[in-house]
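Visitor: Structure for this input, please:
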Amino acid sequence: MSATAPPVREVTPAHYFDPGPLEAWLRREVEDFGDAMVVQQFQGGASNPTFLLTTQTAEGPRRYVLRKKPPGVLLASAHQVDREFKVMKALDGHVPVPKMRALCTDEAVIGTSFYVMDYLEGRIFRDAMLPGMEPAERAAIYDDLNATLAKLHKVDFVAAGLGDFGKAGGYFERQVSRWTKQYRGAESEPIPEMEALIAQLPGRIPVDDPISIAHGDYRLENVMFHPTEPRLIAVLDWELSTIGNPLADIAYNAFLWRSHGASWGTLQGVDFETSGIPSEAAYVDAYCRRMGRGPIEDWPFYMAFSIFRLASISQGVYRRVLAGNAASDRPAENGTPHLARQALEILEGRD
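Guide: Residues are numbered from 1 along each chain as shown. This is a model prediction of the structure:
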């Protein structure tokens, strides 16, 4: 089981930038930043390239994490690192997030906008089945994953300074429109199931429209746990966050129980009676209890929408891989048709 931060490597040619201007900028903007900066690139990820910065100070080495936009022509409203920075800075003290250090929107420094935050020591679980653990530890990890999402959704976002972070109400109408446009912008081949989803989803949007901060990509692989304790210490990857409907987050989080792909995460074959990992129903019920709400009506819509959005994202990743601009070395394989088929089957009650 991979339970550490992703390994680092030399910066790939596609994401190389001159470190000199970056170090000079950071020494001006970050107190006690250090000297002799070394830049390495984290492996993995398909969206915003992420780098480890190591400097030397009188107290010893210091490490930071830099996230930047990818190079090349980008889809509209994608890769907004400034939004990631803003939401994490605002949520410090409300939910576990890394300490934000600096945001740079001047593309002259390294070619794209970027931000820098503190590096944290901890565990990132790449295998959702958590092999090698006792049932009690697995249960505690999933419980804290669930509790932290509920904690996020209870944050008073206006009081936290995020009142302008998104529009209140009409979240799913905007999201269906947005991901349809994103899909169209990256479309590479006809996919009948995507066309069916685009046609059917708007008419299935539920009346229930609670409002909260929505993370947008909340799942086990996007959080960090304490090095030795089953305690969540950081929620990461806020690129898709906005003011929205919290039910989108819990459905997306619960897709883990429906996922068939080990690369994204899957719980296929898990014995929920003995493993310590809750069933999908138990996990969603625990969230609803924490939020003080009843059962979620039309759960198939929320799940189908979450998979539709993943299908649109997958199409964008596929196009970036073909163009050589993806942050990972994954092969050029389009996962959109499979995801769209699964989403449509759920929406139409065939799953």
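Visitor: residues in contact with the residue nearest to Arg83 when sequence neighbours are not counted?
Guide: Among residues not flanking Arg83 along the chain, Ser241 sits closest, at 6.6 Å (Cβ to Cβ, 6 or more residues apart in numbering). C-beta coordinates here come from the backbone N, C-alpha and C atoms, glycine included. Listed by Cβ atoms under 8 Å, 6 or more residues apart in numbering, the contact partners of Ser241 are Arg83, Glu84, Val87, Phe165, Ile213, Ala214, His215, Gly216.
Visitor: Using the three-state scheme, assign Pro230.
Guide: What DSSP: H, G, I helix; E, B strand; the rest coil gives for Pro230 is coil.
Visitor: From Tyr283, how far out is it?
Guide: In this view, Pro230 and Tyr283 are 16 Å apart by Cβ to Cβ, to the nearest Å.
Visitor: for Gly166, phi and psi?
Guide: Per-residue torsions, Gly166: phi 180, psi 170 (degrees, to the nearest 10).
Visitor: Wait, it touches Gly216, no?
Guide: No - Gly166 is not in contact with Gly216 according to Cβ atoms under 8 Å; the separation is 10.3 Å.
Visitor: Spell out which residues are contacts of both of these two.
Guide: Taking Cβ under 8 Å, 6+ apart as the criterion, Gly166 and Gly216 both touch Thr242, Gly244.
Visitor: Provide the secondary structure category for Gln182.
Guide: Here Gln182 is recorded as helix under three-state DSSP.
Visitor: For the residue nearest to it when sequence neighbours are not counted, grab the count of nearby residues.
Guide: What sits nearest to Gln182 in space, not counting adjacent residues and going by Cβ to Cβ, 6+ apart, is Ser312, at 4.9 Å. By other Cβ atoms under 10 Å, the residues close to Ser312 number 28.
Visitor: and after the helix or strand containing Ser312, which helix or strand comes next?
Guide: Ser312 is part of helix 299-323 when elements are defined by DSSP states H and E. Beyond helix 299-323 on the C-terminal side, the first helix or strand identified by DSSP H and E is helix 336-347.
Visitor: Dump the C-alpha coordinates for that next one into PDB.
Guide: Extracted in PDB, the C-alpha atoms of helix 336-347 (Å, rounded to 0.1, in the frame of the first residue of the first chain):
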ATOM      1  CA  THR A 336     -14.900   8.900 -20.700                       C
ATOM      2  CA  PRO A 337     -17.000   6.300 -22.600                       C
ATOM      3  CA  HIS A 338     -16.900   3.900 -19.700                       C
ATOM      4  CA  LEU A 339     -17.700   6.500 -17.100                       C
ATOM      5  CA  ALA A 340     -20.600   8.000 -19.200                       C
ATOM      6  CA  ARG A 341     -22.100   4.500 -19.600                       C
ATOM      7  CA  GLN A 342     -22.000   3.900 -15.900                       C
ATOM      8  CA  ALA A 343     -23.500   7.300 -15.100                       C
ATOM      9  CA  LEU A 344     -26.300   6.800 -17.600                       C
ATOM     10  CA  GLU A 345     -27.100   3.300 -16.200                       C
ATOM     11  CA  ILE A 346     -27.400   4.800 -12.700                       C
ATOM     12  CA  LEU A 347     -29.500   7.700 -13.800                       C
END
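Visitor: so what pLDDT did Thr4 get?
Guide: Predicted confidence (pLDDT) for Thr4: 59.
Visitor: tell me the contacts of Phe165?
Guide: Phe165 is in contact with Arg83, Lys86, Val87, Ala90, Phe157, Ile213, Ser241, Thr242, Ile243, counting by Cβ under 8 Å, 6+ apart.
Visitor: any idea which of those is closest to Cys104?
Guide: Nearest to Cys104 among the contacts of Phe165: Lys86, at 13.4 Å, using Cβ to Cβ.
Visitor: now the contacts of Ser241 in a markdown table, with distance to Val321?
Guide: Shown next, in a markdown table, are the contacts of Ser241 (distance: Cβ to Cβ, whole Å):
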| residue | distance to Val321 |
| --- | --- |
| Arg83 | 24 |
| Glu84 | 22 |
| Val87 | 28 |
| Phe165 | 30 |
| Ile213 | 31 |
| Ala214 | 27 |
| His215 | 25 |
| Gly216 | 22 |
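Visitor: Okay, helices next: where are they in the stretch 151-300 of the chain?
Guide: Applying DSSP state H, counting those that start in this stretch to the stretch 151-300 of the chain gives helices spanning 171-186, 192-200, 246-254, 280-291, 299-323.
Visitor: If we go by neighbour counts, what in the last one is buried?
Guide: Across helix 299-323, burial judged by 16 or more other Cβ atoms under 10 Å covers 299-321.
Visitor: what packs against that helix?
Guide: Applying 3 or more Cβ pairs under 8 Å, 6 or more residues apart in numbering; DSSP states H and E, we find helix 299-323 packed against helix 171-186, helix 192-200, helix 246-254, helix 336-347.
Visitor: now it: mean pLDDT?
Guide: Per-residue scores along helix 299-323 average to 92.
Visitor: Distance of Ala311 relative to Val284?
Guide: As for Ala311, its distance to Val284 is 22 Å (criterion: Cβ to Cβ).
Visitor: from what I can see His260 touches Leu267, true?
Guide: No - at 10.2 Å, His260 does not count as touching Leu267 under the criterion of Cβ under 8 Å.
Visitor: Between the two, which is the more surrounded one?
Guide: Remark: of His260 and Leu267, Leu267 carries more neighbours, 19 against 10, as counted by other Cβ under 10 Å.
Visitor: Show the contacting residues for that one.
Guide: Shown in contact with Leu267 (Cβ under 8 Å, 6+ apart): Ala128, Met129, Leu256, Trp257, Ser259, Ile277.
Visitor: Lovely, talk soon.
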